[in-house]
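Asks: Would you be able to build a 3D model of this:
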Amino acid sequence: MRDFQPLSLTAIKAVIDSTTLTKIADIAIHQSVSSTNDMLWQRYSEGQSSPAICLSETQTAGRGRRGDHWHSPSAGNLYLSIFWPFPAEIESKGLSIAVGISLVETLKTEGINDLQIKWPNDILYKRQKLAGILVESRFGKNKSTVIGIGLNFKLPTATQNKIHQPTTSLQQLCTEMPCRNRLAGKIIKNMIKTLEQFQQRGLIDFIPQWSQYDALANHSVTLISDQDPLHVIARGINEQGELCYEYENTVHTLSNSHVSIRFSS
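Replies: Numbers count the residues shown, from 1 in each chain. Model prediction:
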């Protein structure tokens, strides 16, 4: 028996102002899909390139950064993707930074505080992962982008045991669970505003906000890639949204989000 309200198009739309709704060509809700990102890319391959939203109760092949599997049980979590056609000339570096800040600030409006962002796209509470962001882009006449968001409302123990990192959920953080449809509507509304702001001004408005949410700042971390693990100290981000880190008394930058980052202590 479900202990959560099913996703409702009417309830979600009720939260989004009419001006923002006119900018979205389609909001689709599914019971089960391979992934919400895949559904929007399929729509794009069929010639539809207007802004659109896809949500699903569960995903059979959800994925995270570096192709990692995103466990997507039908437990009342939020699996939501947004398709956005940026003009071809827009530089989209750092978009996950803007999206992460927007998501954290939306959650704050529901009383969910003390969240941090682990570069480039994990939302953490006390180093436990609450949500993840996956930004994918394809280049053609426009720079078409899909932003996928996975937010844990409730994680069954069996699912948590399959995940190879500390995780948490809103059920564990909140004395009173937020309404999933209302929160989905808020996220969509605020993300559209964020995408428009980013399209107009890039990352400049978001850089000053990063330091208050930076989970890695001045911490010893390990960079894991095909090379030997590198033990460094995280030093914030630069104006392009790249991670700055100190190694052997020299500051370097990392733009490759395929590198895995782990706290060293």
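Asks: okay, how far is it across stretch 170-181, tip to tip?
Replies: 14 Å (C-alpha to C-alpha, to the nearest Å).
Asks: What residues sit buried inside that stretch?
Replies: Buried residues in stretch 170-181, counted by 16 or more other C-beta atoms under 10 Å: L170, L173, M177, P178, R180, N181. For every residue, glycine as well, the C-beta is placed using N, CA and C.
Asks: Verify the contact between the third one and F153 for me.
Replies: Yes - M177 is within contact range of F153, at 7.0 Å (criterion: C-beta atoms under 8 Å).
Asks: what's the overlap in contacts for these two?
Replies: L170, Q171 (C-beta atoms under 8 Å, 6 or more residues apart in numbering).
Asks: how is the protein carved up into domains?
Replies: The record's domain parsing of the chain by automatic domain parsing lists 9-210, 216-263.
Asks: I'd like the average pLDDT over the shortest one.
Replies: With pLDDT averaged residue by residue, domain 216-263 scores 94.
Asks: now S96, what's its secondary structure?
Replies: With DSSP: H, G, I helix; E, B strand; the rest coil as the basis, S96 sits in helix.
Asks: Retrieve the pLDDT associated with it.
Replies: In this prediction S96 is given a pLDDT of 95.
Asks: for it, what are its contacts?
Replies: P120, N121, I133, V135, G241, S257.
Asks: just N218 next, same as before
Replies: With C-beta under 8 Å, 6+ apart, N218 has these contacts: I233, A234, R235.
Asks: Give me the neighbour count for the first one.
Replies: By other C-beta atoms under 10 Å, the residues close to I233 number 16.
Asks: Longest strand in this structure, by number of residues?
Replies: strand 128-139 (DSSP state E).
Asks: Neighbouring strands - and their directions - for the helix or strand just after it?
Replies: For strand 128-139, the following helix or strand on the C-terminal side (DSSP states H and E) is strand 142-151. Applying DSSP bridges, strand 142-151 is found paired with strand 78-87 (antiparallel), strand 128-139 (antiparallel).
Asks: In a markdown table, list those along with mean neighbour count.
Replies: Compiled in a markdown table, the strands paired with strand 142-151 are given as follows (neighbours: other C-beta atoms under 10 Å):
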| stretch | mean neighbour count |
| --- | --- |
| strand 78-87 | 21 |
| strand 128-139 | 19 |
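Asks: quick one on the thing from earlier: out of the domains of the chain, deepest packed?
Replies: domain 9-210 (a mean of 18; mean count of other C-beta atoms under 10 Å).
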